[in-house]
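> Output the structure for:
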Amino acid sequence: MTVVAYQGEIGAYSEEGAQALFPDGTHVPLSSIRKVFEAVEVGRADLGLVPMDNSQAGSINETYDLFLKHGLHVVGETVVRVNHCLLALPGVVIDDLAEVVSHPQAIAQCEEFLTALNISIRAEYDTAGAAKRINDEKLERTGAIASRRAASLYGLVVLAERIQTYPDNYTRFGALSRSPNPLTEPNKTSLVFGVGHVAGSLARCLGAFADRHLSLNKLESRPRAGRPWEYVFYVDVEAPAGEPAMVEALSEVSEHATFTRLLGTYASGMHRR
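Numbering: from 1, shown residues only. Below is the predicted model:
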């Protein structure tokens with residue numbers, strides 16, 4: 001049985017992604033994205049599922065930073081529709097609440113709704129974990145932002161639903177593996193590269209893809225840890241790594257970059273559910 005680690009408690013959106021991508025796996029909840037990376041790297045889990053991007057909040061920076069610290073590969077992805085709900089203990093109404101707790105990403109995605117409530121906001125490590133704590137500790141004046149499924153799992157009621165600022169809210173999750181072999185036939189490639197303080201170096205790297213008519217659907221810079229004012233660039237390309245044009249492009253990028261690392265080639269999960 002394949003062991004799949006994910007961040008969060010049972011009922012988290014990460015678990016939903018794990019069930020969608022690995023329906024026959026054994027799903028193991030962990031408290032942080034870092035622990036998912038570590039579990040896969042040392043072999044406590046065969047695969048991991050980590051959030052990569054949200055359609056409203058953008059990239060999950062922690063995940064991308066951890067790619068540089070761990071030698072794991074992205075071998076698949078899935079997209080989960082996120083519908084946030086405000087949950088509380090049975091008998092509690094919105095006017096009874098003194099605070100709302102949830103994962104920082106969920107809080108950010110529901111900023112408009114929360115601002116209107118005008119109550120205290122507290123970050124929790126996980127959406128479903130916030131719901132579980134309210135039930136475990138019988139917190140009558142605390143609400144949680146989590147899924148409708150989390151409400152049913154932890155004996156809470158839904159006070160409001162679809163409270164995210166933008167109704168069409170999706171999170172893209174990547175599957176991690178020690179092996180680079182994709183789960184299914186790949187049509188997408190992710191990589192990271194660095195450039196020095198040389199005029200035109202970034203343009204030449206990107207030109208390697210443009211000259212071969214390879215489409216990029218992600219380009220984002222992140223500070224390079226331990227090297228002030230140096231940046232790395234994460235790129236998603238709509239082509240498998242083994243395609244001849246991609247092989248040529250990657251070779252050219254390596255000529256201009258300070259380093260290049262292929263994060264993975266895999267099947268896109270960018271469908272709408």
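> which regions of the stretch 51-200 of the chain sit below the pLDDT cut-off?
Judged against pLDDT under 70, the stretch 51-200 of the chain has no low-scoring part.
> Tell me where it has strands.
58-59, 73-81, 85-88, 99-102, 120-123, 142-146, 157-161, 170-177, 188-194 (DSSP state E, counting those that start in this stretch).
> quick one: contacts for Pro51?
Contact analysis of Pro51 by Cβ atoms under 8 Å, 6 or more residues apart in numbering lists Gln7, Tyr13, Ser14, Ile33, Ile60, Thr63, Gln105, Thr171, Arg172, Phe173. No exception for glycine: its C-beta is placed from N, CA and C like everyone else's.
> Let's see that with 10 Å instead.
6-8, 12-14, 17, 33, 36, 57, 59-60, 62-63, 80, 103, 105, 171-174 (Cβ atoms under 10 Å, 6 or more residues apart in numbering).
> Are any of these buried, and if so which?
Buried members of the contacts of Pro51, scored by 16 or more other Cβ atoms under 10 Å, are 6-8, 12-14, 17, 33, 36, 57, 59-60, 63, 80, 103, 105, 171-174.
> Look up the closest residue to Thr258, ignoring the ones flanking it.
Gly194 (4.3 Å; Cβ to Cβ, 6 or more residues apart in numbering).
> isn't the one you found right next to Arg227, touching?
Yes. With contact defined as Cβ atoms under 10 Å, Gly194 reaches Arg227; the gap is 8.7 Å.
> Would you mind telling me which of those two has more residues around it?
Set Gly194 next to Arg227 and count neighbours by other Cβ atoms under 10 Å: Gly194 wins out with 20 against 11.
> Who does that one form a beta bridge with?
Beta-bridge pairing for Gly194 (DSSP bridges): Val232, Phe259.
> Can you name the residues that contact it?
If you count contacts by Cβ under 10 Å, 6+ apart, Gly194 has them with 68, 201-202, 205, 221, 224, 227, 230-233, 257-261.
> now do 8 Å
Arg224, Glu230, Tyr231, Val232, Phe233, Ala257, Thr258, Phe259.
> Type out the ChimeraX command that picks the buried ones from these.
Applying 16+ other Cβ under 10 Å to the contacts of Gly194, the buried members can be selected in ChimeraX as follows:
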select :224,232,233,257,258
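> could the contacts of Gly194 be laid out in TSV, adding pLDDT?
Listed next are those as TSV, based on pLDDT from 0 to 100:
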residue	pLDDT
Arg224	83
Glu230	79
Tyr231	87
Val232	94
Phe233	96
Ala257	94
Thr258	91
Phe259	93
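> Let's have the contacts of Gly194 in CSV, adding distance to Leu117.
As requested, the contacts of Gly194 are arranged in CSV below (distance: Cβ to Cβ, whole Å):
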residue, distance to Leu117
Arg224, 39
Glu230, 42
Tyr231, 38
Val232, 39
Phe233, 39
Ala257, 47
Thr258, 47
Phe259, 46
